[in-house]
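Enquirer: using only what follows, build the 3D model:
(4 chains)
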Protein chains: 2
Amino acid sequence: MRRKEGNKEADILKAATEVFAREGFHLAKISQIAEKAGLSVGTVYLYFENKDHLLQRIFESLWEGLLDHSQKLVETPNLNALEKIDGIVDIVFDTFAENPSLGAVFQKEMHHVSNLKHTPFRTYFEQFISIGEKILAEGREQSLFHPETNLHVAVSFIFGGLRFSVHQWTLHPEAESLVIFRSGIKKIIRNGLSV
Amino acid sequence: MRRKEGNKEADILKAATEVFAREGFHLAKISQIAEKAGLSVGTVYLYFENKDHLLQRIFESLWEGLLDHSQKLVETPNLNALEKIDGIVDIVFDTFAENPSLGAVFQKEMHHVSNLKHTPFRTYFEQFISIGEKILAEGREQSLFHPETNLHVAVSFIFGGLRFSVHQWTLHPEAESLVIFRSGIKKIIRNGLSV
DNA sequence: ATTATAAATGAATTCAAATTCATTTATAGA
DNA sequence: TCTATAAATGAATTTGAATTCATTTATAAT
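Expert: As a prediction, the model looks like this:
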């Protein structure tokens, strides 16, 4: 009996991420993905039920990575809330610096994925947000943060800002170094604009 | 000869905005838009060349409104940079509070629109960003802002955070009042999280 | 070397929705 | 009242890509 050569599932996911990043999910063609992965259209369907599932899988592993790292971070002792916020920024930047296409897909398609039936993506997002809120609440208790900061509002703002600016960086990585982008964002979250 | 009744062009744009907001551009059906606007599919094509143009028109007037107001704001004398930042937040919130569906479309479809051929949307976005950078540069000169803040990074972050959080508010307007959301965001931009 | 079978292929099929256009409807002007 | 013509309609057409599946290919087992 014939055996599988290489890791086609991984090849397909990688190709799909790149094509979705460039074209956007809805304009991406399975034929483009197949070509980029170096196999035929039919083979894509041997490994994935359909186009939606491809996107779901990408988000599943993305969210699991983000949540895993973030969960570990919040549980780390001897880190104050400010350091934890920096840690979250690092997790997000590390994730997408390593794989810029993923940043584009995350920015462009999160809403679509959340609306797919039978997916727990709203939950993943909510978990992430709730980790953020936990950190901010901690910082408030430690009197590191302004006591009147509305947690929910702050977390939304930071999530949106972080996701968008990481994506911008992946689009123009030459404009500012990753180091500058990353530290710039940490400063704004900590100190805002005012002197 | 027969004359046009009402303002069908406006009805179609309004309906399209609502349907695009709920379904996302690519899953939205012209038939849904026609039904919501109270006219037939063919009539949509009497007023708009195709589906893409419908989205383009929505963004065109949205951007023009945002840029118009922002332009006026930066030119207002006797406002310091911090007040101008607050003004931008107000402009964005006013725009979308008045028409929440527009906020969803802006969040979900900006990237798609930017990639449409023959559109100046990259330019609109760049103009908006450059207004932001101008304000931040001003604040730096007035010694209101941290001198080491990277303008480009800060503006990206703020744009993304603002757009996302306004959209979140439109999704769950009951969770926090508009007033709380708006002032919370102003505080974070000004002062960050730290005491 | 032959066989059985899993893996892979890609042309053919299916499907859904965008777009068109022949037909109908309403009204301004004669 | 009767055109002439613009406006509106929606069934029919077109389009384009997702998905299928009959066929081919490779290899493990005998």
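
Enquirer: so which bits of the longest helix anywhere in chain A are buried?
Expert: Secondary structure of chain A read by DSSP state H shows that its longest helix is helix A:51-75. For helix A:51-75, the neighbour count (16 or more other C-beta atoms under 10 Å in any protein chain shown) marks A:51-52, A:54-60, A:62-63, A:66-67, A:69-70, A:73-74 as buried. Where you see a C-beta, it was placed from the backbone N, CA and C, and this is true even at glycine.

Enquirer: from the chain's centre, how far out does the helix or strand just after it sit?
Expert: Downstream of helix A:51-75, the first helix or strand assigned by DSSP states H and E is helix A:81-98. Relative to its chain's centre, helix A:81-98 lies at 11 Å (C-alpha atoms, centre = their mean, to the nearest Å).

Enquirer: what does stretch A:133-145 give?
Expert: On C-alpha atoms, centre = their mean, the centre of stretch A:133-145 falls 24 Å from that of its chain.

Enquirer: residues of chain A that sit close to DNA strand C?
Expert: For chain A, the residues in contact with DNA strand C (C-beta under 7 Å from any atom of the strand) are A:1-5, A:8, A:39-43, A:45-46.

Enquirer: those: which two are farthest apart?
Expert: A:Met1 and A:Val41 (23.4 Å; C-beta to C-beta).

Enquirer: higher neighbour count, the two?
Expert: More neighbours surround A:Val41 than the other of A:Met1 and A:Val41, with 13 against 2 (other C-beta atoms under 10 Å in any protein chain shown).

Enquirer: close to chain B, is the host helix or strand of A:Phe159?
Expert: In the assignment (DSSP H and E), A:Phe159 maps to helix A:151-171. Yes: Helix A:151-171 is in contact with chain B by C-beta under 8 Å from any C-beta of the partner chain, via A:152-154, A:156-165, A:167-168.

Enquirer: just the closest residue of chain A to DNA strand C, please.
Expert: The nearest approach of chain A to DNA strand C comes at A:Gly42, 1.8 Å away (C-beta to the nearest atom of the strand).

Enquirer: next one: phi and psi at that residue?
Expert: phi -60, psi -40 (degrees, to the nearest 10).

Enquirer: counting neighbours, what do you get for it?
Expert: A:Gly42 has 9 neighbours, counted by other C-beta under 10 Å.

Enquirer: so where's chain A shaky on pLDDT?
Expert: Scanning chain A for pLDDT under 70 picks out no residues.

Enquirer: look up how far chain B lies from the residue of it positioned farthest from its centre.
Expert: Distance to the chain centre peaks in chain A at A:Met1, reaching 40.0 Å (criterion: C-alpha atoms, centre = their mean). A:Met1 sits 41 Å away from chain B, going by C-beta to the nearest C-beta, to the nearest Å.

Enquirer: gap between that residue and B:Glu176?
Expert: Note on A:Met1: its distance to B:Glu176, by C-beta to C-beta, to the nearest Å, is 60 Å.

Enquirer: go on, A:Lys36?
Expert: With C-beta to C-beta as the criterion, A:Lys36 and B:Glu176 are 44 Å apart.

Enquirer: do the same with A:Asn80
Expert: Applying C-beta to C-beta, the value for A:Asn80 to B:Glu176 is 27 Å.

Enquirer: which of these two has more neighbours?
Expert: B:Glu176 (17 against 12).

Enquirer: need the contact list for that one.
Expert: By C-beta atoms under 8 Å, 6 or more residues apart in numbering or on different chains, the residues touching B:Glu176 are A:150, A:152-153, B:169, B:184.

Enquirer: secondary structure class for it?
Expert: Following DSSP: H, G, I helix; E, B strand; the rest coil, B:Glu176 is assigned to coil.

Enquirer: phi, psi of it?
Expert: In terms of degrees, to the nearest 10, the main-chain angles of B:Glu176 are phi -140, psi 140.

Enquirer: okay, it and A:Val155: tell me how far apart.
Expert: Using C-beta to C-beta, B:Glu176 is found at 12 Å from A:Val155.

Enquirer: quick one: residues contacting the closest residue to A:Ile180 other than its chain neighbours.
Expert: Nearest in space to A:Ile180, with sequence neighbours left out and distances taken as C-beta to C-beta, 6 or more residues apart in numbering or on different chains, is B:Asn150 at 5.9 Å. Residues in contact with B:Asn150 (C-beta under 8 Å, 6+ apart) are A:176, A:180-181, A:184.

Enquirer: derive a PyMOL selection command for the buried subset of these.
Expert: The PyMOL selection below is limited to those of the contacts of B:Asn150 classed as buried (16+ other C-beta under 10 Å):
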select buried, chain A and resi 176+181+184
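
Enquirer: mind checking which of the contacts of B:Asn150 are in helices?
Expert: Using DSSP H, the members of the contacts of B:Asn150 that fall in helices are A:180-181, A:184.

Enquirer: what's the helix or strand harbouring A:Val44 packed up against?
Expert: In this assignment (DSSP H and E), A:Val44 forms part of helix A:41-47. Here helix A:41-47 touches helix A:8-23, helix A:30-37, going by 3 or more C-beta pairs under 8 Å, 6 or more residues apart in numbering or on different chains; DSSP states H and E.

Enquirer: nearest to A:Arg190, out of these?
Expert: helix A:8-23 (30.4 Å).

Enquirer: the closest one close to DNA strand D?
Expert: No: under the criterion of C-beta under 7 Å from any atom of the strand, DNA strand D is not reached by helix A:8-23; the shortest gap measures 9.4 Å.

Enquirer: neighbours of A:Thr95, how many?
Expert: 17.

Enquirer: can you pull the domain assignment for chain A?
Expert: Per automatic domain parsing, the domain ranges recorded for chain A read A:1-48, A:51-191.
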